[in-house]
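Q: Here is a sequence together with a model predicted from it:
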Amino acid sequence: MTDDDAPKTAIELAMARFRKQDADAGVTVTPLTDTQRAAMAEVRNFYEAKLAEREVLHQSTMRRMTDPEAAAVADQEYRRDRERLATERDAKLERLRHGA
């Protein structure tokens, strides 16, 4: 019995079906290089640190706030900053993924 004749799990069958769909659609899969992986890890670490720093600053600010309206504004600002940092991170990772 060869590997092709061996019984397959549902996951293996689904993955084979997805690979066939990708091949039919002309999608090519290129594995990431070690350089790309290292650069992506660096980007993730950088933005993880920035998000952690922003979290600490936000918590510190919120502890000092007594006005609920000012706290709501600060919270909204914090959420915008997190979204902006996540968007920047994702854009950089996508550029690295495609070799740009």
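A: Done, it's in. Numbering: from 1, shown residues only.

Q: can you give me the helices for the chain?
A: Assigned by DSSP state H, the chain shows helices spanning 10-25, 34-64, 68-97.

Q: Throw those into a markdown table and include mean neighbour count, thanks.
A: (C-beta placed from N, C-alpha, C; glycine too.) A markdown table is the format used below for these (neighbours: other Cβ atoms under 10 Å):
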| stretch | mean neighbour count |
| --- | --- |
| helix 10-25 | 10 |
| helix 34-64 | 13 |
| helix 68-97 | 13 |
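
Q: Let's have these in CSV, adding mean pLDDT.
A: What follows is the helices of the chain, written out as CSV (pLDDT from 0 to 100):
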stretch, mean pLDDT
helix 10-25, 88
helix 34-64, 95
helix 68-97, 95
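
Q: how close does the residue nearest the centre of the chain sit to residue 64?
A: Centroid check for the chain by Cα atoms, centre = their mean gives residue 90 as the closest residue, at 5.7 Å. To residue 64, residue 90 is 32 Å away according to Cβ to Cβ, to the nearest Å.

Q: same question, residue 36
A: 43 Å.

Q: likewise residue 15?
A: 52 Å.

Q: ok, residue 82 to residue 53 distance?
A: Taken as Cβ to Cβ, the span from residue 82 to residue 53 is 11 Å.

Q: again, but for residue 71
A: To residue 53, residue 71 is 20 Å away according to Cβ to Cβ.

Q: now swap in residue 74 and tell me
A: Noted for residue 74: a distance of 16 Å to residue 53, by Cβ to Cβ.

Q: Quick check on residue 30: phi, psi?
A: Dihedral angles of residue 30 (phi, psi; degrees, to the nearest 10) stand at phi -110, psi 120.

Q: same deal with residue 33?
A: Here is the backbone geometry of residue 33 (degrees, to the nearest 10): phi -80, psi 170.

Q: Distance check, it against residue 60.
A: Per Cβ to Cβ, residue 33 is found 41 Å from residue 60.

Q: now swap in residue 9 and tell me
A: When residue 9 is compared with residue 60 (using Cβ to Cβ), they lie 50 Å apart.

Q: do the same with residue 80
A: For residue 80, the distance to residue 60 - Cβ to Cβ - is 18 Å.
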